[in-house]
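Colleague: any chance you could fold what I've pasted below:
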Amino acid sequence: MATQIQKRLFTVAEYHKMGEVGILPERGVELINGEIIEMSPIGSKHAKVVKKLNKMLGKIFGDEAIISIQDPIIANDLSEPEPDVAVLKYRADFYEDELPHGEDVLLIIEVADTTLVYDSKVKLPLYAASGIPECWVIDLRKKEIQVYWQADDNAYRYLELFHLEDAIHAKTINLELSVAEIFG
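Modeller: Numbers count the residues shown, from 1 in each chain. Just a heads-up that it's a prediction; the model follows:
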C-alpha cells in the first residue's frame with residue numbers, strides 16, 4: 001500500500017505567530033498558498049529598477065496613494081506575498097493596524113530576473129484571485145514589461161507587452177511611464 005504524504009499548510013495568522021516568536025527569519029521568506037517560500041536574493045539590476053520605480057511613482061502619486069516597496073500584503077488566508085512594488089489606496093494611518101489586502105491594492109509590480117516563471121505562474125494567479133486589478137511583470141532579461149489587467153477568478157483576462165520604445169498607460173489607474181526610463 002502506498003503512503004500518502006500530506007503537507008501542513010500554514011495560515012497567515014500562524015505565519016505571523018511564527019515570526020513573533022522568532023521561528024522565521026526577519027526577511028527573505030513569504031507565505032504563498034500556505035507554504036513558506038524562500039525568496040530569491042535581490043541583485044543590483046533588480047534593486048535599481050525597484051528604486052527607480054519608487055522614486056517615479058512617489059513623484060506621480062504624491063499623497064494620492066501609498067507606494068509600498070517589498071512589503072507584505074494579505075492576498076488570502078494562506079498567502080502573504082511581498083511584491084516588489086505595490087501602489088496602495090491612500091489611508092492616513094498608512095495601514096498601521098493591519099496589512100493591506102487585495103482590495104487595497106491599485107497596482108502590483110514584480111521585477112523578475114531569475115523569478116519570471118514563479119512570478120507569472122504562482123504570484124499572478126494569487127494576485128488575480130485576491131482582486132488586484134492590475135499587475136506588471138518587468139522582465140529584466142528581455143527588457144520588456146508584461147501588463148496584466150481585469151482579474152477574473154485566478155487569472156487576468158488581458159495581457160499587453162511593452163518594450164523600450166513604448167510608454168505604458170496603466171489600464172486601471174491614471175499612470176503613464178516610459179519603459180526606457182524604467183530600465184534606463
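
Colleague: any stretches of the chain with poor pLDDT?
Modeller: Where the chain drops to pLDDT under 70, the residues are 1.

Colleague: who does the longest helix anywhere in it touch, helix- and strand-wise?
Modeller: The single longest helix within the chain, with elements called by DSSP state H, is helix 44-61. Using 3 or more Cβ pairs under 8 Å, 6 or more residues apart in numbering; DSSP states H and E, the elements in contact with helix 44-61 are strand 65-69, strand 85-89, strand 105-112, helix 179-183. C-beta here means a position set from N, CA and C on the backbone, and glycine is covered the same way.

Colleague: so what touches the last one?
Modeller: It stands for helix 179-183. With Cβ atoms under 8 Å, 6 or more residues apart in numbering as the test, helix 179-183 has contacts from 49, 52-53, 56, 138, 143-145, 162-168.

Colleague: quick check: H16 vs E82, distance?
Modeller: Note on H16: its distance to E82, by Cβ to Cβ, to the nearest Å, is 14 Å.

Colleague: out of those two, which sits in the more crowded spot?
Modeller: E82 (19 against 16; other Cβ atoms under 10 Å).

Colleague: wait, the more buried one touches Q70, no?
Modeller: Yes. Counting by Cβ atoms under 8 Å, Q70 is a contact partner of E82 at 5.4 Å.
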